[in-house]
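*Asks:* sequence first, predicted model second:
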Amino acid sequence: METNCVLKGMTEQLICLGKHQGVQAHVKERFPEASYVHCKSHCLNLAIVHSCKDASVRTIMSTVQDIAFSFDYSAKKMDAFYNEVDADILTKEELDGKRKLRTLCETRWTSRADSLYTFRVALPVIVSALEHLRQDGDDKAGQFLAAISRFEFIIELVTTEHILQSIVHLITYLQKFTGRLLDNSDRFQGQNLIPARLEWLTAECIDKLYETYRHDLTDNQGTFNSEVQRWQRRWSSPDVIEKPKSLKASLSVTNKELYPSIFAIFAILVTMPVTTSTTERSFSSLRRLKTYLRSTMVQDRLSSLALIHVHREMDIDTERVLRSFALAKNRYMDFGY
């Protein structure tokens, strides 16, 4: 088996990161050079998760979730909520067409920010609805009303919602698959080979580069050092007008025959898994693709459907697909053209 696997990206889960029985340990056993890289998109999310372990934050999260579930699964409570929203014009405008409370997602904290915002805006309406329900003999509504009427709850709700809202855009940006290694991490020495960053390429850095990537390079250290020197002279020439500033641009201008080691390092860095967001989205799509009606689906079709589902922004020529399908084999009737 070829051991071309040099990096693996994973999230912070025990099943993945276990030192002896985790997924990364088993991959490391088969591919010794496969270093573990933590998913950059999850770092901020994990920081929020750990900070929200505070008892007061857990309490408001639990209360908001319980009330949202209570209204969501009770037609009587939803009807009371609708009536109060229709009666409060200001709150109705702030909700901007939202007609129900959102439950808290267990994994997506951007969704939690939206849920807390909706709850905060609709708080006067929720209080009024719970008061009417309590008067009708709903004991649970009375308990919810007592919980959200506390000054501490209101302060904690507003503070938590404000903090989460301030980082929503950053979380959304980090979860995009367009994240670049250069933007997301400065700890990879190979980035100093980028022509625009060659001034940071010291002799010590060159030695570390060779030691890190020596298993992926075909040359010895002396040849590698000479290649790097030629690379530096090329881009220090006064004839050079513009230097590439990204890994992708640097790879495209690197001659594989003249600079084989530098080309190999760039190729590894370009494919380095900065984030696993796209991969996790593909996992989430499986429950929609492989239903009980498609239980006999073969791997090729499942993979193709998953690619179409994940990369839905791609423009697919349906005429070309139909033409290929019609010409795939001989048929009794010719439906092609």
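*Replies:* Thanks, I have the structure now.
*Asks:* can we go C-alpha only for contacts and neighbour counts from here?
*Replies:* Noted.
*Asks:* quick one, what contacts I194?
*Replies:* 244-247, 250 (C-alpha atoms under 8 Å, 6 or more residues apart in numbering).
*Asks:* which one of those is nearest to R197?
*Replies:* K245 (7.6 Å; C-alpha to C-alpha).
*Asks:* pLDDT at the closest residue to the closest one other than its chain neighbours, what is it?
*Replies:* Spatial nearest neighbour of K245, excluding adjacent residues (C-alpha to C-alpha, 6 or more residues apart in numbering): A196 at 5.2 Å. In this model, A196 is scored at 87, pLDDT.
*Asks:* what about A196, distance to N255?
*Replies:* Distance, A196 to N255, by C-alpha to C-alpha, to the nearest Å: 17 Å.
*Asks:* which one's more surrounded, the two?
*Replies:* A196 (16 against 11; other C-alpha atoms under 10 Å).
*Asks:* before we move on, the earlier item: pull out the buried members of the contacts of I194.
*Replies:* Buried subset of those (neighbour count, 16 or more other C-alpha atoms under 10 Å): 244, 246-247, 250.
*Asks:* how about those, which pair is most distant?
*Replies:* P244 and L247, at 8.0 Å, using C-alpha to C-alpha across the buried ones among the contacts of I194.
*Asks:* can you pull the poorly scored residue ranges out of the chain?
*Replies:* 1-46, 49, 106-110, 171-189, 273-284, 331-337 (pLDDT under 70).
*Asks:* which residues in it form strands?
*Replies:* For the chain, the strands defined by DSSP state E cover 7-10, 35-38.
*Asks:* mind listing what L157 touches?
*Replies:* Counting by C-alpha under 8 Å, 6+ apart, L157 makes contact with 60, 116, 120.
*Asks:* now do 10 Å
*Replies:* 56-57, 59-61, 64, 116-117, 119-120, 148, 151 (C-alpha atoms under 10 Å, 6 or more residues apart in numbering).
*Asks:* show me what contacts I60?
*Replies:* So I60 contacts 66, 116, 147-148, 152-154, 156-157, 160 (C-alpha under 10 Å, 6+ apart).
*Asks:* quick check: S285 touching R312?
*Replies:* No - in this structure S285 lies outside contact range of R312 using C-alpha atoms under 10 Å: 11.7 Å.
*Asks:* okay if I get the contacts of I194 as TSV plus distance to Y259?
*Replies:* TSV is the format used below for those (distance: C-alpha to C-alpha, whole Å):
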residue	distance to Y259
P244	16
K245	18
S246	17
L247	15
S250	12
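*Asks:* so which of those residues comes closest to T91?
*Replies:* S246 (47.9 Å).
*Asks:* can you give me the neighbour number for L170?
*Replies:* Using other C-alpha under 10 Å, L170 has 13 other residues around it.
*Asks:* quickly note the distance from it to L164.
*Replies:* 10 Å.
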